[in-house]
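Chemist: Could you look at this predicted model? Sequence included:
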Amino acid sequence: MSKYLQIIRITFQEYFEYRLNFVMWRFRNLISFLTLIIFWLAIYGEKDKILDYQRSQLLTYVIGVAFLRGIVLASRSVDLAGQIRSGELTKLLLQPLKIFNFWFIRDLTDKALNIFFATIEIIIVSKIVNFSLVLPKNSTDFVIFVVLVILSTLLYFYLSFFISVLAFWTEDVWATRWLLGIVLLELFAGAYFPIDILPSWLVRIIYWTPFPYLVFFPLKIWLGQASINMSIKIILISFCWLIFFFVLASVLWKKGVKNYGAFGG
Amino acid sequence: MVPLADKRKLTSQFVRSKIRLVKIWLMFASRAAQSQLLTSWSGVLFLFGKLVRFFLYFVFLFTIMSSTKTLVGYNREQVVIFYLIFNLVEITSQCLFRGVYQFRSLVVSGDFDFELLRPLPSFFRPLFGWTDILDLITLPPLWAYFFWFISNNLPPVVLSNLILFLLLFGNSILIAFSFHLFFSSVSILTTQIDPLVWTYRDLTTMARFPTDIYQKTIQLILTFIVPVVVLITIPAKALFGLLSWRWIVLSFLLGIVFLRFSVSFWQYSLKRYSSASS
């Protein structure tokens, strides 16, 4: 246990060493958050409902996105790809650590920091914008939301790990990460706008991917826009995606480590 | 008084030196293209991602504007034009000034010494040393689509507005150049560049939508400190014929001020360059 506490300590220290980078990173998040809030306020103007979303629901959605970015999408396992390509992974392999645990602990530390700062930013913006946050209609919705957020966090961890592990076979891992882990992830996960305002044919395509289960569906449940049957279906599909990426990441990791040549080392 | 023959000679020398720089840039661009084509799979993924992002935002704006009809007084087509101009400015500057992303490694390794020995402007390699071929190949279809869109969705654009738009677009690229030169200067002084560039890029995304949606204080910051209003909103307004002469003068003035400042700051930072690794 103590070695994992050490990992948490070291991860925190890394952040405090590169304080400016972290401050700039949070500032960028704040810009993105503010832009979205102001955009939606301008879109609503005097109206109260647009495309099946009431004004307060949509603003809650945007705030929810800012929060879930901290919980679900904040990650350090992206660094694994660089370690594989540079050969730095060798150091890790020689240590008495379970690699999945190591990266997951680092991810959790990253999430804790991001949630802390995201909460402060949300409070500041909420004071400026002045609106009433929509809360789950009943405790069942809240419990389902929490369960789905835990599943999403694990799903994103294994998805991110899977992308990083590709670095064993390809030098193009940054391109894959950029496409799957940034562009498709943010747009298809609903991290900019609720997916279901897009045309229905496009929404159907996006629902076939794992991304909406990371941000969009948890927030739909929070807003009370999913029936209990729908919620159970969402949890089951999310769980299936989690198993899929867990198996994929585990198998590829085992194969990759066997062939690992410590290129840069 | 400079004699006419000397004036002509000076002009011809000036033009020849600029043509030489263009030729060198083409050589850099060609090498960058060859390097990027070596990892063609990466190129395909990047290109696909750029297209998906552009398309999804486009569909999003179109859908939302079809529902609301107007956004701070602009109709659906005008909002889409703001988005297209944002993309044109962003992609053009990213394509031309992509070198800044690699500049830090030149400074840290000390290899910038060799660049300073070359008979080129000192800022040439830091800014123009790498051209993003993927951005370059997306530009012609984007410009073609932009002109098709304005000719089909706006009332006939007055020629003077179109010329003014193109001049202001040039001014935007000049301001983008100034900012990238400023980042390079900071990189020499602090060996840090990425956080600044990414923050600048995030700030420019605020002009993906008409900047009139922001409060006055934010608009002032976006005009005079990080002038994304001048970069994107002003050229769009010129196209719509909504620009007063005061804004036109102010835009060009800001372009000159930012250029002067960034060049001076670059010279200041060069004097403090200490060839880090040697």
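Modeler: In hand now; what should we look at?
Chemist: mind listing the strands for chain A?
Modeler: A:49-50, A:53-54 (DSSP state E).
Chemist: what's the answer for chain B, then?
Modeler: Taking DSSP E as the criterion, chain B carries its strands at B:70-71, B:74-75.
Chemist: Redo these as TSV? Include distance to chain A.
Modeler: For the C-beta atoms, the positions are set from N, CA and C on the backbone; glycine is no exception. Listed next are the strands of chain B as TSV, based on distance: least, CB to the nearest CB, whole Å:
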stretch	distance to chain A
strand B:70-71	6
strand B:74-75	10
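Chemist: re the thing from before, among the strands of chain A, which is nearest A:Phe22?
Modeler: Nearest of the strands of chain A to A:Phe22, taken as CB to CB: strand A:53-54 at 33.1 Å.
Chemist: Report all helices and strands that that closest one contacts.
Modeler: Packing partners of strand A:53-54 (3 or more CB pairs under 8 Å, 6 or more residues apart in numbering or on different chains; DSSP states H and E): none among the helices and strands.
Chemist: just for the chain, where's the confidence low?
Modeler: All of this is about chain A. Low-confidence segments of chain A, defined by pLDDT under 70: A:1, A:263-265.
Chemist: wait, chain B
Modeler: In chain B, residues with pLDDT under 70: B:1-2, B:276-278.
Chemist: Contacts only, for the most centrally placed residue in it.
Modeler: Central residue of chain B (CA atoms, centre = their mean): B:Ser93, 2.8 Å from the mean position. B:Ser93 makes contact with B:Ser172, B:Ile173, B:Ala176, B:Phe177, B:His180, according to CB atoms under 8 Å, 6 or more residues apart in numbering or on different chains.
Chemist: let's see 7 Å
Modeler: B:Ile173, B:Ala176 (CB atoms under 7 Å, 6 or more residues apart in numbering or on different chains).
Chemist: again with B:Lys7
Modeler: Counting by CB under 7 Å, 6+ apart, there are no residues that B:Lys7 touches.
Chemist: same question, B:Leu38
Modeler: With CB under 7 Å, 6+ apart, B:Leu38 has no contacts at all.
Chemist: hang on, the earlier thing: could you report the distance from the residue nearest to the centre of chain B to chain A?
Modeler: Noted for B:Ser93: a distance of 18 Å to chain A, by CB to the nearest CB, to the nearest Å.
Chemist: now that residue: how far from B:Leu222?
Modeler: B:Ser93 is 16 Å from B:Leu222, where distance means CB to CB, to the nearest Å.
Chemist: Equivalent analysis for A:Ile182, please.
Modeler: 25 Å.
Chemist: Over to B:Pro141?
Modeler: B:Pro141 is 29 Å from B:Leu222, by CB to CB.
Chemist: What of B:Phe58?
Modeler: 23 Å.
Chemist: Pull the number of nearby residues for residue 47.
Modeler: Answering for chain A, as no chain was given. Neighbour count of A:Lys47, defined by other CB atoms under 10 Å in any protein chain shown: 11.
Chemist: meant chain B actually
Modeler: 17.
Chemist: My guess is it contacts B:Leu136. True?
Modeler: No: B:Leu47 lies out of contact with B:Leu136 (CB atoms under 7 Å); the separation is 11.3 Å.
Chemist: What residues sit buried inside stretch B:35-52?
Modeler: B:Gln36, B:Thr39, B:Ser42, B:Gly43, B:Leu45, B:Phe46, B:Leu47, B:Gly49, B:Lys50 (16 or more other CB atoms under 10 Å in any protein chain shown).
Chemist: what about that stretch, distance to the chain center?
Modeler: 21 Å (CA atoms, centre = their mean, to the nearest Å).
Chemist: And stretch B:253-264, by the same measure?
Modeler: 15 Å.
Chemist: who in chain B is up against chain A?
Modeler: Within reach of chain A by CB under 7 Å from any CB of the partner chain, chain B has these residues: B:39, B:41-42, B:45-46, B:48-49, B:52-53, B:56, B:59-60, B:63-64, B:67-68, B:71-72, B:195, B:198-199, B:202-203, B:205-206, B:209, B:213-214.
Chemist: Just the buried ones from those?
Modeler: The neighbour count (16+ other CB under 10 Å) marks B:39, B:42, B:45-46, B:49, B:53, B:56, B:60, B:63-64, B:68, B:71, B:195, B:199, B:202-203, B:205-206, B:209, B:213-214 as buried among the residues of chain B next to chain A.
Chemist: Narrow these to those in helices?
Modeler: Mapping these onto helices (DSSP state H) picks out B:42, B:45-46, B:49, B:53, B:56, B:60, B:63-64, B:68, B:195, B:199, B:202-203.
Chemist: and stretch B:16-28, how far from the chain's centre?
Modeler: 19 Å.
Chemist: now swap in stretch A:91-103 and tell me
Modeler: Worked out by CA atoms, centre = their mean, stretch A:91-103 lies 23 Å from the chain centre.
Chemist: what does stretch B:244-255 give?
Modeler: That offset, for stretch B:244-255, works out to 18 Å (CA atoms, centre = their mean).
Chemist: Give me the buried stretch members for it, please.
Modeler: Judged by neighbour count using 16+ other CB under 10 Å, the buried positions of stretch B:244-255 are B:Trp247, B:Ile248, B:Leu250, B:Ser251, B:Phe252, B:Leu254, B:Gly255.
Chemist: and these as TSV, adding distance to A:Ile10?
Modeler: Shown next, in TSV, are those (distance: CB to CB, whole Å):
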residue	distance to A:Ile10
B:Trp247	52
B:Ile248	55
B:Leu250	51
B:Ser251	49
B:Phe252	52
B:Leu254	46
B:Gly255	47
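Chemist: out of those residues, who's nearest A:Arg9?
Modeler: B:Leu254 (47.6 Å).
Chemist: Pull up the gap between the closest one and chain A, please.
Modeler: From B:Leu254 across to chain A, the span is 21 Å (CB to the nearest CB).
Chemist: In contact with that residue, which residues?
Modeler: By CB under 7 Å, 6+ apart, the contact list for B:Leu254 reads B:Pro227, B:Val230.
Chemist: what about the helices in the stretch 1-150 of chain A?
Modeler: Using DSSP state H, counting those that start in this stretch, the helices of the stretch 1-150 of chain A run over A:2-17, A:19-44, A:55-68, A:79-86, A:89-93, A:99-129, A:139-165.
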